[in-house]
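Visitor: need coordinates for the following:
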Amino acid sequence: MNKAARLVFIPSPGTGHLVSTIEFANLLVERHHHIWITVLVIKLPPHTTTPDYTDSLNSQRIHLINLPEVSSNSQQNTAREILQLQKPHVKEAVANLPPTPPLAAFVLDMFCTTMIDVADEFHVPSLVYFTSGLAFLGLTLHLHTLKEEENAEFTVSDAEFVTPSFAKPIPKPNLPFIALSKEWEPIFLAFGRGLKKAHGIIVNSFEELESHAAHYLLNGPQPIYPVGPILNPKPNGHAHNAHIFDWLDHQPPSSVVFLCFGSMGSFGEDQVREIARALENSGARFLWSLRKPPPKGSAFTVPPSDYDPSDLPSILPAGFLDRTAGIGKVIGWAPQAQVLAHPATVGFVSHCGWNSTLESIHSGVPIATWPLYAEQQTNAFLLVHELNIACEISLDYKVEFKDGSAPLLSAEKIEKGIRNVVEIDDQRRKRLKEISEKSRKTLLEGGSSHSSLGRLIHYIMDQV
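Guide: Numbering: from 1, shown residues only. Next comes the predicted model:
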């Protein structure tokens, strides 16, 4: 009889992390019929819901447990506090799991490594699921080593930074702000320490995309399993998005620039007007996912929402909607992966979140980079200068974590990026096409992610 194994998954509460984790769980149980997975969902704040994503579970062997909501005494429930408060609930949930199949390992989101302590109590190894790329993982581990061992200081200067997971030196403004800020140092050190404590790191990327970083990391001290691209699920039908796809269906092939900035991306009215001017002056057909910023002071804790259509004329330049009615469409939330896969889409103005990056590569749609926060500046540098498959609107634009403030990008700069992505040079287009084809094959037999997933499953089954 084949032996079976159970994994406990603990995803981070962020939408991008939860979706990616559930898709990875689906992939694992499809590949090996004796793996069972229990996903412990940390409740999100009341303004967001998980059912949309958890509907994509496609196996009887994946079981979801919603952990009780917790709140701390402090005004701001930081993610770290919430994770600490959840530890007793995680212990209880795991202790109450059926004894068969036996528990083999915890699979923890990259921001949930504090739960390694709990895994240790159950005497099972911890694997980290890293929802960003290999180059960024290598950079994080390297910066952490420099800080821990040499007490290195990184300041934003014009100097470039040489790191083994990138073939080219990175300008300091493209380093993640969490590593540059003295204030964030304790969090960055805890993050790096957690990654290094894991028994292995599963990465949502693939060797054919990030070959330089893969070569460096796969020869390192820690087991690394690149198993990507793990992509967002296809929603069932286009019913409530019919207006978007009806419009796209009427556009010429490879003619529409899609603007979308992820689940947390939004802009103030001054910047919105600059984007509108850029679109109008470029003459490009466009589909613009325009979101309403959260109330002041709640950036990064409350996601953007959709505007009421009646608000749009007052936010956009006077007459913009009338003048662009023939070639453009302004929408709210967008089914991003499906828009990128549509034959009318020619380019993608993106914040360069990792899920979005993988989706655009999979669909072979070039990105015009406009990073906002987290590791997006590093991703933008990777796409434009390291992989040569994207063009730049900005590489170092940053939204301030404290108050959500940001610089103002001019319409001229945005327009130039839009024109460049529509007419991207042949060399970048050819390279993107090659990588796109590899992204479709890597999880099939013979692909590097397929064999990496095999190695991971072998490790898991060895634990029982």
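Visitor: report pLDDT for Cys157.
Guide: That one is not Cys; residue 157 is Ser. Ser157 carries a pLDDT score of 67 in this model.
Visitor: then Val227?
Guide: Val227 is assigned 98 on the pLDDT scale.
Visitor: that one and Gly446, how far apart?
Guide: Going from Val227 to Gly446 by CB to CB, to the nearest Å gives 15 Å. Using the backbone N, CA and C atoms, a C-beta is placed for each residue, glycine as well.
Visitor: between these two, who's got more neighbours?
Guide: Val227 (26 against 8; other CB atoms under 10 Å).
Visitor: contacting residues around the more buried one?
Guide: By CB atoms under 8 Å, 6 or more residues apart in numbering, Val227 lies in contact with 24, 27, 202-204, 206, 443, 449, 452-453, 456.
Visitor: repeat the analysis, applying 7 Å as the threshold.
Guide: Contacts for Val227 (CB atoms under 7 Å, 6 or more residues apart in numbering) come out as 202, 449, 452-453, 456.
Visitor: check Glu400 too.
Guide: By CB under 7 Å, 6+ apart, the neighbours of Glu400 are Ala406.
Visitor: give me that answer again for 10 Å
Guide: 177, 299-300, 373, 406-407 (CB atoms under 10 Å, 6 or more residues apart in numbering).
Visitor: ditto for Phe258
Guide: Per CB under 10 Å, 6+ apart, neighbours of Phe258: 248, 285-289, 334, 336, 339-340, 342, 344-350, 360, 365.
Visitor: let's see 8 Å
Guide: 286-287, 289, 334, 339-340, 345, 347-349, 365.
Visitor: check Ala167 too.
Guide: Taking CB under 8 Å, 6+ apart, one finds 212, 386 in contact with Ala167.
Visitor: when you give positions from now on, start the count at 44
Guide: With 44 as the first residue, the last one maps to Ala210.
Visitor: what separation do you get for it and Gln265?
Guide: Here Ala210 is placed at a distance of 21 Å from Gln265 (CB to CB).
Visitor: number of nearby residues for the closest residue to Leu486 other than its chain neighbours?
Guide: Closest residue in space to Leu486, ignoring its immediate chain neighbours: Ser492 at 4.8 Å, by CB to CB, 6 or more residues apart in numbering. As a burial measure, Ser492 scores 27 neighbours (other CB under 10 Å).
Visitor: what backbone torsions are found at Ser492?
Guide: Note on Ser492: backbone dihedrals following degrees, to the nearest 10 are phi -70, psi -30.
Visitor: ok, and what's touching stretch 122-137?
Guide: Defining contact as CB under 8 Å, 6+ apart, one finds that stretch 122-137 is touched by 51, 53, 55-56, 81, 83, 85, 108, 110-111, 113-115, 117, 146, 154-155, 157-158, 160-161, 164-165, 230, 233.
Visitor: mind running it again at 7 Å?
Guide: Around stretch 122-137, the neighbours that count as contacts under CB under 7 Å, 6+ apart are 51, 53, 83, 85, 108, 110-111, 113, 115, 117, 154-155, 157-158, 161, 164-165.
Visitor: buried ones only from those residues, please, as a ChimeraX command.
Guide: Selection of buried members from the contacts of stretch 122-137 for ChimeraX, criterion 16 or more other CB atoms under 10 Å:
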select :51,53,83,85,110,113,154,155,157,158,161
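Visitor: list the ones among the contacts of stretch 122-137 that fall in helices.
Guide: Counted as lying in helices by DSSP state H, out of the contacts of stretch 122-137, are 161, 164.
Visitor: can you list the domains in the chain?
Guide: As recorded under automatic domain parsing, the domains making up the chain are 48-174+241-271+486-505, 282-481.
Visitor: burial of Arg474, as a residue count?
Guide: When counting by other CB under 10 Å, one arrives at 15 neighbours for Arg474.
Visitor: if anything else comes up later, I'll come back, but that's it for now.
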